[in-house]
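Student: curious how this folds, go ahead:
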Amino acid sequence: MRVNALKTGLLALAALLLGGCAAPAKYDYSAFKESRPASILVLPPLNSSPDIKATYSMLAQTTWPLAESGYYVLPVTLVDETFRQNGLQTPADIHELPAAKLREIFGADTALYINVKQYGTSYMVVSSETRVTAEAKLIDLRNGRTLWTGSATASSAEGDNNSGGLIGMLVKAVINQIADSLSNRAHGIAGITAYRLLAAGRPNGILYGPRSPMYMKDGSPAQ
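Tutor: Below you'll find the predicted structure:
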């Protein structure tokens, strides 16, 4: 009886481990392939973090990966100023605008909605970590359909092995805290997050746009 219980427990543990290592489900790109967008309007990101710099730090990092993926990206500073001139000061208000209205004003095929979930540095006794996490969804402004959703995270602690013992860890924590106080370290980490989130060719990521030589190849919209 005890042996059978042990076997059952081992099998359950093995199943749990195998399930945790399973590849993520493949994203359904059918709506994206049908839409074939060529232009993207990036809205000022929502900020769910306590750092007020998160919105514009992330916004500044979005154009490059999207343009490199083959899309025309409306200039983010011009878009932001257009909203301000029309009395829309906060990302929350902008995200509530109807898709048809955004299409009428900017003429873009799609709009990218981003929410910065984490942004900044957390300090502990023997370590510090700067982490940026963001979620995004791409909406077709012609019909309001969701074409794609995704999320990404980047951290300054990636690759750390905490070698050097307690003294080494304390010294490293002090150095990191000084560096963070002298510069906006999170801005650089946000750039990595933006690339992981918005660069085409990544697993379950955005598809290549029509300005890319990879358009309609390797999982992109078929002819």
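
Student: what about Leu74, distance to Tyr215?
Tutor: Using CB to CB, to the nearest Å, Leu74 is found at 19 Å from Tyr215. C-beta: built from backbone N, CA, C; applies to glycine.

Student: just Ser49 next, same as before
Tutor: Counting by CB to CB, the gap from Ser49 to Tyr215 is 34 Å.

Student: more neighbours: which of those two?
Tutor: Neighbour count, other CB atoms under 10 Å: between Ser49 and Tyr215, Ser49 has more, with 21 against 18.

Student: and the more buried one, that's in a strand?
Tutor: No. Per DSSP: H, G, I helix; E, B strand; the rest coil, Ser49 lies outside any strand segment and is coil.

Student: run through the residues that contact it.
Tutor: Shown in contact with Ser49 (CB atoms under 8 Å, 6 or more residues apart in numbering): 116-120.

Student: excluding its backbone neighbours, what's nearest it?
Tutor: For Ser49, ignoring the flanking residues on the chain, the nearest one in space by CB to CB, 6 or more residues apart in numbering is Tyr119 at 3.9 Å.

Student: quick check: that neighbour touching Asn47?
Tutor: Yes. Taking CB atoms under 8 Å as the definition, Tyr119 is a contact partner of Asn47 at 7.3 Å.

Student: so what sits against both of the two?
Tutor: What both Tyr119 and Asn47 touch, as defined by CB under 8 Å, 6+ apart, is the set Ala54.

Student: who's more crowded, the two?
Tutor: Tyr119 (27 against 22).

Student: distance check, the more buried one against Ala190.
Tutor: From Tyr119 to Ala190 the distance is 7 Å (CB to CB).

Student: mind listing the shared neighbours of those two?
Tutor: 54, 57-58, 132.

Student: restricted to helices, list these.
Tutor: Of the shared contacts of Tyr119 and Ala190, the ones assigned to helices by DSSP state H are 54, 57-58.

Student: buried ones among those residues?
Tutor: 54, 57-58 (16 or more other CB atoms under 10 Å).

Student: adding pLDDT and distance to Phe32, write those out as a markdown table.
Tutor: Written out in a markdown table, the entries for those read as follows (pLDDT from 0 to 100; distance: CB to CB, whole Å):
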| residue | pLDDT | distance to Phe32 |
| --- | --- | --- |
| Ala54 | 95 | 27 |
| Ser57 | 95 | 27 |
| Met58 | 96 | 22 |
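
Student: okay, buried residues for stretch 101-110 please.
Tutor: Buried, per 16+ other CB under 10 Å, within stretch 101-110: 102-103, 106, 108-110.

Student: list the helices and strands the helix or strand where Ile189 lies packs on?
Tutor: Element membership for Ile189 (DSSP states H and E) is helix 185-198. Packing partners of helix 185-198 (3 or more CB pairs under 8 Å, 6 or more residues apart in numbering; DSSP states H and E): helix 54-59, helix 63-68, strand 110-123, strand 128-140, strand 146-155.
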